[in-house]
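In: I would like the atomic coordinates for the input below:
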Amino acid sequence: MELQLDAQSTAPDTAWIAILQHVDASGAVTEVTAGYLRASLRAVEETDSRPGAPVLPCRTFDAVPVGKLVQYRIPMVANARRFPAGHRIQLFLTSDDQNPETPALLSFRHASVGTISLNTISSSSRLMLPVLAKTH
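Out: Model prediction:
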């Protein structure tokens, strides 16, 4: 699972926290899985990566170009979840999850990057989810 996020930021670094949620027919929300990426550590090891499974060594700081569109490949923690007909999936995206009202998978909170930014997400962003054929 991978979030291909196309975004602009007003700061040289930020965090991307993505939480995939299951929304049942009554509207109740359950967190399913999550992904995290510090924007300045976005370099992908292309030779070891494949669609849906980026490899990010997170060793080299590269400041985010302020005001420029950047593509981030954010790996999501693998899981096995069946979504029944009539239910929805929802992606919650934030750059800081310190507020207790912000969803946090398993109540885990990330340390703040320490910058304040205004982030703009492009509609070209994509969430890549594997889909398995229905079994009998």
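In: contacts and neighbour counts: CA atoms only from here.
Out: Noted.
In: At which residues are the strands of the chain located?
Out: 2-9, 15-23, 29-38, 70-75, 88-94, 119-121, 126-128 (DSSP state E).
In: With just CA atoms, put the fourth one into CSV.
Out: Which is strand 70-75. C-alpha atoms of strand 70-75 as CSV (Å, rounded to 0.1, in the frame of the first residue of the first chain):
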residue,chain,number,x,y,z
VAL,A,70,6.8,17.7,-4.8
GLN,A,71,5.8,14.0,-5.1
TYR,A,72,6.1,11.9,-2.0
ARG,A,73,5.8,8.1,-1.9
ILE,A,74,4.5,7.2,1.5
PRO,A,75,4.4,3.5,2.5
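In: for this structure, which spans come out with low pLDDT?
Out: Scanning the chain with the threshold set as pLDDT under 70 gives 97, 106, 136.
In: Centroid-nearest residue for it?
Out: A18 (3.2 Å; Cα atoms, centre = their mean).
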